[in-house]
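Enquirer: Quick one: sequence and predicted model below, then my questions.
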Amino acid sequence: MSKNKNKKKKKPEAKRKILINAQIVDPASGREEAGGVLIEDERIADTGQHLRRNAPDDAEIIDCGGHVVCPGLIDMLAFTGEPGEEHRETLATASRAAAAGGVTTMVCMPNSQVVMDDVALVDFVLRRARDTALVHVHPIAALTKDHAGTEMAEIGLLKEAGAVAFSDGLRSVGNARVMARLLAYANDFDALIVHHVEDRELANSGVMNDGEVSTRLGLPGAPAVAETIVLERDIRLVELTGARYHAAQISCEDSLDVVRAARRRGLKITCGVSINHLTLNENDVGPYRTFFKIRPPLRREEDRAAMVAGLIDGEIDVIVSCHDPQDVDVKRRPFEEAAFGAIGLETLLPAALRLYHSGEVTLANLLKPLTVQPASILGLEAGRLKPGAPADIIVVDLDTPWVLDPDNLRSRSKNTPFDEARLQGRVLRTFVAGKEVYAYG
């Protein structure tokens with residue numbers, strides 16, 4: 001008998017799976033109930049109370065032990081090093097971190113050593129993700145060529161190639177005339193502009209929030225007005241052009257007031273906030289801890305509280321990880337010399353659950369900006385638990401306490417601001433298109 005015949009054939013994965021004994025939370029419909037979810041052919045076939053204990057004979061049964069089952073998270077702002085800086089992060093390592101954090105859809109920013117301002121690069125990322133990533137990956141293409149802020153990228157061609165939005169990452173377009181042209185051109189293609197709102201001249205030398213804490217630490221500060229000025233300018237240009245616009249991250253109370261005023265005027269704008277700015281503040285910088293050096297900088301506690309209030313009243317649409325991996329060489333330096341950035345894919349949900357456990361936000365309201373709302377902004381099917389939707393699903397234990405050990409993180413870089421933090425709640429299972437891509441333990 002040949003060697004090949006002696007090999008055991010790998011058992012094919014069941015075509016139907018059913019998650020039973022679950023607490024269903026669907027932020028899109030507001031449904032919260034004990035029940036189950038039936039998965040068939042990469043999509044949700046059925047869901048509801050009648051599936052809590054009942055299972056079809058031909059389905060693989062997964063007992064969720066009464067834990068929460070909800071849509072997989074959609075992270076609208078993540079950086080990787082691929083292509084060009086694979087020592088920081090690859091699509092493969094980022095996707096493993098995402099799966100462990102319950103992120104089933106990762107939207108990658110165009111900032112790498114090779115700027116994604118060409119159709120071939122969008123195609124490369126899509127192919128590379130298809131071959132190596134565990135989760136869905138959607139690229140955001142460059143807004144301007146080489147992120148120089150002067151010449152617009154080929155928005156129409158890049159969108160046709162598969163770009164879901166356009167951004168210069170953590171660089172703002174400083175020239176108002178260029179920004180107006182970009183918005184007008186993007187409007188012709190119904191393309192979404194995702195903009196980093198920060199005046200580079202005002203914020204350039206700042207390494208943390210400008211205020212009492214930066215003065216006490218002897219560090220140059222970046223004032224919050226650097227953010228608000230650009231946001232106000234952009235909103236005026238949106239009013240002029242009618243374009244779809246998303247402020248990638250806001251971080252201060254004044255910016256939230258600007259968003260509220262724009263929405264009262266009926267403008268098509270949305271905004272995001274990073275999990276860092278919802279759960280941390282400038283005091284966490286403490287003894288010059290470079291893992292807390294991020295952009296925009298951590299603000300005052302009053303601003304953090306305002307971001308949570310904006311989340312509760314619906315003015316903030318999206319929570320993002322702002323996953324920005326940096327290696328040891330550029331982070332283990334004096335604070336002023338260290339690179340900006342912190343990883344966040346794997347800690348996005350556990351950190352967000354701090355707001356739930358503190359009683360500040362209900363679970364459904366916390367999950368909306370992590371699932372259905374980013375899906376709606378990007379025009380994706382995901383983010384919902386309903387028949388016909390993609391079977392991108394996570395099982396979450398809300399209560400188990402644990403301490404984060406950065407050595408156990410799946411990201412290639414370890415620059416997490418939650419190093420050795422006490423967290424409560426973690427992802428137990430992650431399914432992408434019905435396939436289990438992560439199981440805790």
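Expert: Everything's here; your move.
Enquirer: I figured Gly434 was touching Val37, is that so?
Expert: No - shown here, Gly434 and Val37 do not form a contact pair, counting by Cβ atoms under 8 Å, at 10.3 Å. No exception for glycine: its C-beta is placed from N, CA and C like everyone else's.
Enquirer: who's more crowded, these two?
Expert: Higher neighbour count among Gly434 and Val37: Val37, with 27 against 21, using other Cβ atoms under 10 Å.
Enquirer: ok, back up a step: any chance you could list residues touching both of Gly434 and Val37?
Expert: Ala391 (Cβ atoms under 8 Å, 6 or more residues apart in numbering).
Enquirer: low pLDDT regions in the protein?
Expert: 1-14 (pLDDT under 70).
Enquirer: in it, which residue is closest to the centre?
Expert: Asp75 (2.3 Å; Cα atoms, centre = their mean).
Enquirer: Let me see the contact set for that one.
Expert: With Cβ under 8 Å, 6+ apart, Asp75 has these contacts: 98, 103, 105-107, 320-321, 323, 345, 348, 374.
Enquirer: element containing it?
Expert: Using DSSP states H and E, Asp75 falls within strand 73-78.
Enquirer: for the chain, what's the longest helix?
Expert: Ordering each helix of the chain by length in residues (DSSP state H) puts helix 225-241 first.
Enquirer: Which strands or helices does it pack on?
Expert: With contacts taken as 3 or more Cβ pairs under 8 Å, 6 or more residues apart in numbering; DSSP states H and E, helix 225-241 sits against helix 176-188, helix 200-203, strand 244-247, helix 253-264.
Enquirer: Now do Ile250 against Arg171, distance only.
Expert: Separation of Ile250 from Arg171 (Cβ to Cβ, to the nearest Å): 17 Å.
Enquirer: The two - which one has more neighbours?
Expert: Ile250 (28 against 18).
Enquirer: host element of the closest residue to that one other than its chain neighbours?
Expert: For Ile250, ignoring the flanking residues on the chain, the nearest one in space by Cβ to Cβ, 6 or more residues apart in numbering is Cys271 at 5.2 Å. Using DSSP H and E, Cys271 maps to strand 269-274.
Enquirer: What residues sit buried inside the very next helix or strand once past that strand?
Expert: Following strand 269-274 in sequence order, the next helix or strand is helix 275-279 (DSSP H and E). Judged by neighbour count (16 or more other Cβ atoms under 10 Å), helix 275-279 contains these buried residues: 275-279.
Enquirer: Closest one to Ala339 out of those residues, please.
Expert: Asn276 (15.4 Å; Cβ to Cβ).
Enquirer: mind listing what that closest one touches?
Expert: 294, 298, 322, 342, 344, 417.
Enquirer: Go again with 6 Å.
Expert: By Cβ atoms under 6 Å, 6 or more residues apart in numbering, Asn276 lies in contact with Ile294.
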